[in-house]
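[1] dropping a prediction and its sequence here:
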Amino acid sequence: FEPSPADRELLNKIEKDTFQYFTRFSDKLTGLTKDSSRTGSPSSVAATGFALAAYAIGASRGWISEEFAQKRLLATLQTLRYKAAHQEGFFYHSLDARTGNRVWGSEASSIDTALAVAGALLAAQYYPGTEIERLAREIYERVNWKWMMNGSDFICMGWTPESDRKSVV
């Protein structure tokens, strides 16, 4: 199936408009991306992972400059690597956008962490041999997947320090 020129134009508009969410709702210093556009929304590790992918793709599409993309990617990856709260490499679902601290009693999430790591690794592919690639690899290698399996054959969805148990749902 090949989209018509009108469909392709509409898809490009939707893609570019969607991309704008990440430049508008990501913290300028830490790069952490809000979970929603609502006032008071914390940042989401999953949204931040999508932002990492979006910056690399956005630069390749000419929506932002390479310089802007690389600066934002570096800031975000440095935050995830050195500041963002995590347990055994698993990031908490909700983080304070300025500090990277856990908020709202959120869980260390296997799903959100996987999305963040996937975004980081995608960005690393766009910028091989750079600090972006190095940080992405360190973030990926820090994740202790066996720990989140909780002695079973399945990866649990999350963990909280309050329960010290991993949840499967």
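    Cool, got the structure.

[2] you'd agree N101 is up against A85?
    Yes. Using CB atoms under 8 Å, N101 is in contact with A85, at 5.5 Å. Yep, even glycine has a C-beta here, placed from its N, CA and C like the rest.

[3] mind listing the strands for the chain?
    In the chain, strands defined by DSSP state E lie at 43-44, 86-87, 90-91, 94-95, 108-109, 158-159, 166-167, listed in chain order.

[4] what lies in contact with the third one?
    Counting by CB atoms under 8 Å, 6 or more residues apart in numbering, the neighbours of strand 90-91 from elsewhere in the structure are 45, 80, 84-85, 108-110, 112-113, 116, 143-144, 147-148, 158-159.

[5] quick one: which of those residues has the lowest pLDDT value?
    Among these, W159 carries the weakest pLDDT, at 88.

[6] ok, how many other residues are close to L74?
    17 (other CB atoms under 10 Å).

[7] sketch out the low-pLDDT regions of the chain for me.
    164-169 (pLDDT under 70).

[8] of the strands of the chain, flag the one that's most buried.
    strand 90-91 (a mean of 30; mean count of other CB atoms under 10 Å).

[9] so what are the sheet partners of that one and their directions?
    Using DSSP bridges, the strands paired with strand 90-91 are strand 86-87 (antiparallel).

[10] run the chain-centre distance for the strand it pairs with.
    Remark: strand 86-87 is offset 15 Å from the chain centroid, using CA atoms, centre = their mean, to the nearest Å.
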